[in-house]
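[1] Predicted model and sequence follow; I will ask about them next.
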Amino acid sequence: MTVTVAAAERLIRIGEVARGAGVSVRAVRYYEQQGLLIAERSPSGQRLYRQDAIPLVRFFQQMFAAGLTSRRITELLPCWDSGHTDAQQRAMLRAERERIQAKIDDLQAALDHLDEVIAITDTHP
């Protein structure tokens, strides 16, 4: 899709998206290849994104860090965009939440053990 100058919303270049979201340009291209982001094109062929691409890329980063795949994130996008879900989407969201909570619980247990070791070693130099 080619963008006209009369576009109501200011579109931003790929570098601005990357800087704003704290990722590489390569990561933004990857998200586009995965179908997570849609770029418009300037008359000269440059990728242009809507302003909401920055928080969206941050969301992708959080979801990847939590262990979700790009396929699963693609399934989440309609929920993000519309705020509405069907029963299957809600079940998937709850399952992902439970998986992430279990990961958090495991990390908290590891942190607690490290705190114990630190406390012991602080009293025995």
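    The structure has been received and is ready for your questions.

[2] so where does residue 113 fall, helix or strand?
    Using DSSP states H and E, the element containing residue 113 is helix 87-123.

[3] what does residue 23 give?
    Using DSSP H and E, residue 23 sits within no helix or strand.

[4] what helices or strands is the helix holding residue 113 leaning on?
    Counting by 3 or more Cβ pairs under 8 Å, 6 or more residues apart in numbering; DSSP states H and E, the packing neighbours recorded for helix 87-123 are helix 70-82. Just so you know, the C-beta spots here come from the backbone N, C-alpha and C atoms, and that holds for glycine as well.

[5] Show me the contact partners of the helix it packs on.
    31, 34-36, 56, 59-60, 63-64, 68, 84-85, 89, 92-93, 96 (Cβ atoms under 8 Å, 6 or more residues apart in numbering).

[6] Of these, which is the nearest to residue 16?
    Distance to residue 16 across these (Cβ to Cβ) is lowest for residue 56, with 13.5 Å.

[7] List the contacts of residue 46.
    13, 14.

[8] just the one 10 residues further on next, same as before
    Contacts here follow Cβ under 8 Å, 6+ apart; on that basis residue 56 touches 36, 37, 80.

[9] Helix, strand, or coil at it?
    At residue 56 the chain is in helix, as set by DSSP: H, G, I helix; E, B strand; the rest coil.

[10] where does it sit relative to residue 63, distance-wise?
    11 Å (Cβ to Cβ, to the nearest Å).

[11] Sounds good, over and out.
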